[in-house]
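Engineer: sequence plus predicted model, see below.
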Amino acid sequence: MNKAPRTEGKIKVDYGIEDYYRFFKLDNPEIKISYKEYSQIVSNFNEGLIELIIEDGLEYTLPHLGSTLSIKKDKRLPRIKDGKLYNPTPVDWMATNKLWDEDEEAREKKLLVRYLNTHTSKYVFKIAFKKYVYPFKNKKYYTFKSSRRFARQLAVRINDPDKDKYDAFLLY
C-alpha cells in the first residue's frame, strides 16, 4: 500500500517567523536582537501557551483576529440518520490497515476499525479555533492547524493515569 508523505497536507503560509522578525526590526530599530534570539523567544512563548491551554484549560484569545484557541470535547456516538447508520467516532487507521492486509474481504467492503474511547467516556478532544463576529473581509478563509507537537502533548495529557481525568468545555 502506497502511503502519501506526511507533508502532503501541509498548509502553505504566506508569512513565517522570518517575516515577523523583519517586521519587528522595522518597527523597533532601537532593540538589538538577533534572529536566533527572536526565534527562541517566540518558541518559548508558544510552548508556555500550549502548556497553559492543555494543563490549565486556558481559552486563549487572539484579539486582532477576534478568535479563541482552546480544547473542546465532543461525545461521538453512532446514530441513525435518514435511515442509515452514521458513526462519527474516529477511525483507528493502524488497526484498519492491519485488518485490510490480513482480510481481503474486509478491504473490499471497506470495513473500518474505530476507536472506542472508553478511557474518556466516549469523548473526543480537539484543539478548537473559534472565530467570533468581527467586521473584516475574508474571515471565512482563516484557518488554524495545530502543530503535531501540540496535538501529541494533548494526547499524552489525556492518557496520563497519574493526573486527574482531563476535562474541557463541551462543544455544543
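Structural biologist: Here it is on my side, so go on.

Engineer: quick check: pLDDT value at Asp103.
Structural biologist: For Asp103, the pLDDT comes out at 93.

Engineer: so what's the residue count around it?
Structural biologist: Neighbourhood size, Asp103 [other CB atoms under 10 Å]: 12. Where you see a C-beta, it was placed from the backbone N, CA and C, and this is true even at glycine.

Engineer: one more: the one 3 residues further on?
Structural biologist: One way to gauge burial is a neighbour count; for Ala106, by other CB under 10 Å, it gives 15.

Engineer: mind checking the SS state of it?
Structural biologist: helix (DSSP: H, G, I helix; E, B strand; the rest coil).

Engineer: correct me, but it touches Leu99?
Structural biologist: Yes. The pair Ala106 and Leu99 qualifies as a contact (CB atoms under 8 Å) at a distance of 5.2 Å.

Engineer: next SSE downstream of the longest helix anywhere in the chain?
Structural biologist: Taking DSSP state H as the assignment, the helix of the chain that covers the most residues is helix 35-56. Later in the chain than helix 35-56, the nearest helix or strand by DSSP states H and E is strand 60-62.

Engineer: for the residue located most distally from the centre of the chain, give me phi and psi.
Structural biologist: Relative to the centre of the chain, the most outlying C-alpha is that of Glu30, 37.3 Å out, by CA atoms, centre = their mean. Glu30 adopts backbone torsions of phi -80, psi -20, taken as degrees, to the nearest 10.

Engineer: and the pLDDT at it?
Structural biologist: Listed pLDDT for Glu30 reads 94.

Engineer: kindly report the same for Trp93.
Structural biologist: For Trp93, pLDDT reads 93.

Engineer: that one: how many residues sit nearby?
Structural biologist: Other residues near Trp93 come to 10 when the count uses other CB under 10 Å.

Engineer: wasn't Glu18 part of a helix?
Structural biologist: Yes. Using three-state DSSP, the assignment for Glu18 is a helix.

Engineer: care to break the protein down by domain?
Structural biologist: 14-76+122-170, 78-116 (automatic domain parsing).

Engineer: lowest mean pLDDT across the ones you listed, which one is that?
Structural biologist: Taking the mean pLDDT of the domains of the chain, domain 14-76+122-170 comes last: a mean of 85.
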